[in-house]
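[1] coords below, sequence missing:
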C-alpha cells in the first residue's frame, strides 16, 4: 500500500470515529442544558390535576404497546409507543399540552424527557400513569 493510500485510509478512519463522538457530545450538551434550567416539577402532571378543561384541550399519548392500548386506555388517547416518540415527533403537536402516559409513568417519563430535550416544552408525563389515572383521576370523560 502506498503511503498516500495509508494516510487517506487513516484520515477516513479517524473522521468516521469522530462523527459519533461529536453527535454524542451534542446530545449530552442538550440534556445538560435541559436539566440545568428545568424546574423541579417541570414536565409532570398528576391524575388529580386532570379536569374537564385539560381533557378538552390536551392530547393524550399512550406510550404503551399496541396490545395494552387496545385493551384499555384513556378516552381520546392516541398510541405512540415510548420508543417511537422521536421517530413520530411530527404527530405530537407543538401548540397544545401533550400528556404522555404508560402504566406507571416510568416509560412515558423517558419518552417525555427525549421530547423535551428535542425542544417540545409542551410535553408532560402523567405521574403514576394509567394505573394512577384509573385510581385517582379527578375527572374521567
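    Received it, and whenever you're ready, just let me know what you need. The shown structure was predicted, so the numbers you read here are calculated from the model rather than taken from an experiment.

[2] For burial, what's the neighbour tally of residue 122?
    When neighbours are counted by other C-beta atoms under 10 Å, residue 122 registers 18. Glycine gets a C-beta too; all of them are placed from N, C-alpha and C.

[3] OK, contacts around it?
    93, 94, 95, 96, 97, 98 (C-beta atoms under 8 Å, 6 or more residues apart in numbering).

[4] Quick check: the second one touching residue 120?
    Yes. The pair formed by residue 94 and residue 120 meets the contact definition of C-beta atoms under 8 Å, at 6.6 Å.

[5] ok, back up a step: most neighbours of all the contacts of residue 122, which one?
    Result: residue 98 is most packed of those (other C-beta under 10 Å), 22 neighbours.

[6] contacting residues for that one?
    Taking C-beta under 8 Å, 6+ apart, we find residue 98 in contact with 58, 59, 60, 61, 92, 120, 122, 123, 124.

[7] Narrow those to those in strands?
    Counted as lying in strands by DSSP state E, out of the contacts of residue 98, are 59, 60, 61, 123, 124.

[8] and which of these is nearest residue 46?
    Proximity of the ones in strands among the contacts of residue 98 to residue 46 (C-beta to C-beta) peaks at residue 124, which lies at 10.0 Å.

[9] Near that closest one, how many other residues are there?
    Using other C-beta under 10 Å as the criterion, residue 124 is surrounded by 23 other residues.

[10] And the one 4 residues further on, by the same measure?
    Using other C-beta under 10 Å, the number of residues around residue 128 comes to 19.

[11] try the one 10 residues further on
    Using other C-beta under 10 Å, residue 138 has 13 neighbouring residues.
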